[in-house]
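[1] Model the following, please.
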Amino acid sequence: MPTATLSASASLGAPTRAACARAGRTARRVALRSPGSIASSSSSRRVVVMAAAASDAVPADAVEYFSPSKVNLFLRVVRRREDGYHDLASLFHVIDLGDDMKFAKSTGSRDVLVCSDETIPLDSSNLVIKALDLWRQRTGSTQHFWVELVKNVPHGAGLGGGSGNAATAMWAANELCGQPASEAELLEWSGDIGSDISVFFSEGAAYCTGRGEIVEDVEPPIPLDTPMLLVKPDIGLSTPAIFKALDLDGRSTEDPLDLLERIKSEGCKDDICVNDLEVPAFGKLPELLKLKERLRGAGTKGVSSVFMSGSGSTIVQVGSDDVPEFVREDAALFRSPARLITRKRGEWYKPSGLWKK
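    Residues are numbered from 1 along each chain as shown. Below you'll find the predicted structure:
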């Protein structure tokens, strides 16, 4: 699961998606083949970081897409491969915390990205541009695009926000150009630029193996309306650094296929929602372990499990989206309710309705 550059995000009571969209329309406009500019300002809550200059008007024919994120309901590291990557076995599920994107065909010879967050690089290192380049290479198209990205998903969170952006970009480009590629081809190609991208071409719930790019659709293991709370400290974690610190001898001994069967029948429980990356993540960021323990010990009614998503640093509380008092009192903590979402073949993801437009 390679590192993806994400952005700052929001909390309960933060601006609505409509407010975020309005903010995004004031973001700067940068041609993506020119050097990206990275600013130092950031936020640990769902507050859009405003760019320094106003962008051009949104094209009249721009099409809106929701760009979701994901959680890992369990994550087992199977082995370290000779190429330096790790084979995983993980139950991914797409969630309704996401970014807002707009796409339009461009008459120019390069892609243009407008982003609400100054800290996001807008050059060819951005996963959105990598995804569009990949789509052109594989389809033979010469079409370029104008893209607006309003970030709500926090950086370094283990939620796959950047991967979701890349998947959404591939889907949108393909739709705008008459579907020259099949969904199966988009899924297969996406693994070339990131391990987490492929899961978004599932129907929402997927058992993923290999580096994460081998995707098997499964039924949602718990009801889609199960409330969840996401809590993240204002420090992110580097995925490569977490894998480098992983001690294979300290992994869970649970068979991932057994976990898959158990979660279908028993739901999310602490001994099912295991994550082999928690130990190295907690070693790098001890306050993350403290956050998990405090959420588990808060006694919130209905909570069935508390675990870290991906390589961190988001802690997921399943069974209730009630915010414990200690979380409400800590302004540095990102917090957000979330729900599981799915999609039908031929359609892209839509928000659950929890968020107001």
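
[2] Poorly predicted segments of this structure, please.
    The chain contains residues with pLDDT under 70 at 1-56, 355-357.

[3] Could you check how far Phe282 is from Phe307?
    Using CB to CB, to the nearest Å, Phe282 is found at 12 Å from Phe307. All C-beta spots, glycine's among them, are computed from the backbone N, C-alpha and C.

[4] ditto for Asp330
    The gap separating Asp330 from Phe307 is 20 Å, by CB to CB.

[5] Of the two, give the one with the bigger neighbour count.
    Higher neighbour count among Asp330 and Phe307: Phe307, with 25 against 15, using other CB atoms under 10 Å.

[6] secondary structure class for the more buried one?
    Classification of Phe307 by DSSP: H, G, I helix; E, B strand; the rest coil places it in strand.

[7] so it bridges to which residues?
    Beta bridges link Phe307 to Val316, judged by DSSP bridges.

[8] So it is in contact with Ala281, correct?
    No: applying CB atoms under 8 Å as the test, Phe307 and Ala281 come out as separate, 11.2 Å apart.

[9] what do Phe282 and Phe307 both touch?
    Counting by CB atoms under 8 Å, 6 or more residues apart in numbering, the common neighbours of Phe282 and Phe307 are Lys292.

[10] Backbone dihedrals for Ala169, please?
    Phi and psi for Ala169, reported as degrees, to the nearest 10, are phi -60, psi -40.

[11] which residues touch it?
    Residues near Ala169 by CB under 8 Å, 6+ apart: 101, 103, 127-128, 131-132, 135, 145, 147.

[12] so of the residues you listed, which ones are in strands?
    Of the contacts of Ala169, the ones assigned to strands by DSSP state E are 101, 103, 145, 147.

[13] Which of those sits closest to Ala62?
    Nearest to Ala62 among those: Phe103, at 6.5 Å, using CB to CB.

[14] mind listing the helices for the stretch 101-250 of the chain?
    Per DSSP state H, counting those that start in this stretch, the stretch 101-250 of the chain carries helices over the ranges 127-139, 161-176, 183-190, 239-245.

[15] Deepest-packed of those, please.
    Most buried of the helices of the stretch 101-250 of the chain by mean neighbour count (mean count of other CB atoms under 10 Å) is helix 161-176; its value is a mean of 26.

[16] what angle separates that one from helix 127-139?
    40 degrees (axes from the mean of the first three to the mean of the last three CA atoms, to 10 degrees).

[17] Pull the distance from helix 161-176 to the chain's centre.
    12 Å (CA atoms, centre = their mean, to the nearest Å).

[18] before we move on, what about stretch 267-279?
    Worked out by CA atoms, centre = their mean, stretch 267-279 lies 19 Å from the chain centre.

[19] residues in contact with it?
    With CB under 8 Å, 6+ apart as the test, stretch 267-279 has contacts from 72-77, 221-222, 226, 242-243, 246-247, 250-252, 254, 259, 262-263, 266, 289, 292, 296, 304-312, 318-319.

[20] Scan the ones in strands among the contacts of Ala169 and report the most crowded one.
    For the ones in strands among the contacts of Ala169, neighbours were counted by other CB under 10 Å; the highest total belongs to Val147, with 28 neighbours.

[21] measure that one to Pro180 for me?
    Distance, Val147 to Pro180, using CB to CB: 19 Å.

[22] before we move on, what about Asn152?
    Here Asn152 is placed at a distance of 30 Å from Pro180 (CB to CB).

[23] higher neighbour count, those two?
    More neighbours surround Asn152 than the other of Asn152 and Pro180, with 27 against 14 (other CB under 10 Å).

[24] you'd agree that one is up against Gly98?
    Yes: counting by CB under 8 Å, Gly98 is a contact partner of Asn152 at 6.6 Å.

[25] helix/strand/coil for Lys269?
    Look at Lys269: counting by three-state DSSP, its state is coil.

[26] Give me the number of neighbouring residues for it.
    Counted by other CB under 10 Å, the residues lying close to Lys269 total 14.
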